[in-house]
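# below are the sequence and a predicted model; questions follow.
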Amino acid sequence: MAHWLFKSEPDVFGYDHLVAAKREGWDGVRNYQARNFMRLMQVGEQAIFYHSMAKPAGAAGICEIVKAAEPDPTQFDPATKYFDPKSKPEDPLWAWVTVGPVEKFRHFVSLDELRAMPALAESRLVARGNRLSVLPLTEPEFDTIVAAGRHP
DNA sequence: GCCAACGTTGGC
DNA sequence: GCCAACGTTGGC
């Protein structure tokens, strides 16, 4: 089983929104690398739900893949900001996965804390200039974040 | 609001 | 195919 991390701006869609929605298609990913990661995701795999552009930014909880990749419908909808005229229904460019909530962390793990963890030193999450919104984590990286989030 | 980093675009 | 310009992301 692979492990992942999703970034979202909590002002737009935070962990509590996912809890309220119960499941949600992860729309709007328009980066090929992030899309390719989503295509690899399998039902039941877990991911860290990370709050970006927040004060502070950090890990809010755990979510899981409840439906594998399929075309992101917003790419065909001119009413959304994710509309992509280059994408054709017979050959969709962009994918989404559907995620559901698993566990909200008792302790929000701030980016400062994540940076201080030796187990995360090699992760893309804390790399300079990291702009990828969907990325893989190793099992130790994932477990380290979860352990911190469960800590009182 | 600023700035660094990086992906994408478009001219050649 | 190269690369400069531009736009977006994300932390601060």
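Perfect, thanks for sending it.

# for the residue with the largest distance to the centre of chain A, grab phi and psi.
Distance from the centre of chain A peaks at residue A:90, with 26.7 Å (CA atoms, centre = their mean). With angles defined as degrees, to the nearest 10, residue A:90 sits at phi -80, psi -10.

# what does chain A put close to DNA strand B?
A:31, A:32, A:33, A:127, A:128, A:129, A:130, A:131 (CB under 7 Å from any atom of the strand). In this view, the C-beta of every residue, glycine as well, is placed from N, C-alpha and C.

# out of those residues, name the ones that lie in helices.
A:32, A:33 (DSSP state H).

# show me what whichever strand or helix holds residue A:47 is packed up against.
In this structure, residue A:47 sits in strand A:46-51 according to DSSP states H and E. Strand A:46-51 is packed against strand A:3-8, helix A:15-21, strand A:58-71, strand A:95-110, helix A:139-150, with contacts defined by 3 or more CB pairs under 8 Å, 6 or more residues apart in numbering; DSSP states H and E.

# tell me the most buried of those?
strand A:3-8 (a mean of 21; mean count of other CB atoms under 10 Å).

# now chain A, which segments are flagged as low pLDDT?
Applying pLDDT under 70 to chain A flags no residue at all.

# repeat the analysis, applying 80 as the threshold.
Regions of chain A meeting the criterion pLDDT under 80 cover residues A:152.

# fine by me, we can end here.
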